[in-house]
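Student: here are the coordinates; sequence isn't available:
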């Protein structure tokens, strides 16, 4: 049965979707949270970046935890033995296909980001037309404090940085929800109106959030700015 499934996966890989693209379908072996193997072919998920297996993160209490191992196990639990459909994006990374994979019809990259097992790799997500979807997924992960979003974020991989960030419209608060939350090297911090840095905090992108009360902010795992 395994040989038959492997053969079918290779056949599917050879079938073109449209010019410049091909598909590979089959059960996946998870190498880490952004690298899979199907029928002997390694696939690097495009537009996302997961912690390395040896990588540590820090939680809200300042304790180190093995986020790389956790992210890999989270991906394995998410995928299980189910069949993935992956699209070859026409790029290569260290002899790996760069692809976009779908689990139950949904972009696996979105699911991994929402679960806090990966972050958007904006340089490539933008070029592959997934920037908006992956940033939206990151907002979900941040709001839930899922996985790597449950504490201060490690610096994004250098190859993921964009040379010229797009101007993103500033997020407008809703009603009386005027407490500004943003994620920085110091963690998840909220700023009250009248505090020193309140006006300096620009509410743009996935790592910002408005809160309606301090209780709401604290319940979400954010702490008040000292000044």
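Tutor: Received, thanks. As the structure is a prediction and not an experimental result, all values here were calculated from the model.

Student: which stretches of this protein form helices?
Tutor: Along the chain, counting by DSSP state H, helices occupy 2-14, 67-79, 108-114, 122-127, 131-144, 214-219.

Student: what distance separates the fifth one from the middle of the whole chain?
Tutor: Looking back up the chat, that one is helix 131-144. Averaged C-alpha coordinates place helix 131-144 at 7 Å from its chain's average position (C-alpha atoms, centre = their mean, to the nearest Å).

Student: for it, buried residues please.
Tutor: Using 16 or more other C-beta atoms under 10 Å as the test for burial, helix 131-144 gives 131, 133-135, 137-142. (Each C-beta comes from the backbone N, C-alpha and C, glycine too.)

Student: repeat for the last one
Tutor: Using 16+ other C-beta under 10 Å as the burial criterion, the residues of helix 214-219 that qualify are 216-217.

Student: what helices or strands is it leaning on?
Tutor: Helix 214-219 sits against strand 179-184, strand 223-224, with contacts defined as 3 or more C-beta pairs under 8 Å, 6 or more residues apart in numbering; DSSP states H and E.

Student: so what strands line up beside the shortest one?
Tutor: Its sheet considered, strand 223-224 pairs with strand 187-191 (parallel) by DSSP bridges.

Student: who's in contact with the partner strand?
Tutor: 60, 151-152, 179-183, 197-198, 201, 211, 214, 217, 220-225 (C-beta atoms under 8 Å, 6 or more residues apart in numbering).

Student: please pick the buried ones from those.
Tutor: Of those, these count as buried by 16+ other C-beta under 10 Å: 151-152, 179-183, 198, 201, 211, 217, 220-222, 225.
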